[in-house]
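Student: This is a predicted model, with the sequence first.
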Amino acid sequence: QVQLVESGGGSVQVGESLILSCEASGGAFSSLGMGWFRQAPGKDREFVAAISWRVSDTYYSDSVKGRFAISRDNAKNTAYLQMNDLKPEDTAVYYCAAAVDTYTFAPDLYDYWGQGTQVTVSS
């Protein structure tokens, strides 16, 4: 059973940056695809970014492409989401997720989820 714990959320101003971390335990992290999703109040959970176990393969939603960067350090069992040039519409609870044998934009294909971390962007 894989456990995921997110950290790094907070309140920032428009244009500022944050880095989110997702530490995994209880499984073979280097074989898992990792994804970041977000959910704003009253909205469905939205795909943000994903990275394969090979590290070099990444995938982003159009809304964050060019501003956010997903990465992972398999030696530390940790995935990251670097968020730059933050906008009010980025305000949401951010979740990391882990998938066995895939990395994808589809939340239903992820096997494990963290509890989420709040990101609030004010103008």
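Tutor: That came in fine, so what should we check first?
Student: give me the element the residue minimising distance to the centre of the chain is part of.
Tutor: In the chain, the residue lying closest to the centroid (CA atoms, centre = their mean) is Trp36, at 2.4 Å. Per DSSP states H and E, Trp36 falls inside strand 32-39.
Student: For that strand, enumerate its sheet partners and note whether each is parallel or antiparallel.
Tutor: When pairing is defined by DSSP bridges, strand 32-39 lines up against strand 46-51 (antiparallel), strand 92-100 (antiparallel).
Student: Report how many residues lie close to the nearest residue to Ser25 once chain neighbours are set aside.
Tutor: In space, and not counting its chain neighbours, Ser25 is closest to Gln3: 5.0 Å by CB to CB, 6 or more residues apart in numbering. Yep, even glycine has a C-beta here, placed from its N, CA and C like the rest. Using other CB atoms under 10 Å, Gln3 has 14 other residues around it.
Student: So for Gln3, what's the pLDDT?
Tutor: Looking at Gln3, its pLDDT is 97.
Student: Likewise for Arg45?
Tutor: 96.
Student: which residues touch it?
Tutor: Contact partners of Arg45, counting by CB atoms under 8 Å, 6 or more residues apart in numbering, are 37-39, 95, 107.
Student: Tell me the first helix or strand C-terminal of the helix or strand where Arg72 lies.
Tutor: Per DSSP H and E: Arg72 is located in strand 68-73. As assigned by DSSP H and E, the chain's next helix or strand after strand 68-73 is strand 78-83.
Student: Could you name the helices and strands sitting against that next one?
Tutor: Judged by 3 or more CB pairs under 8 Å, 6 or more residues apart in numbering; DSSP states H and E, strand 78-83 is in contact with strand 18-25, strand 32-39, strand 46-51, strand 68-73, strand 92-100.
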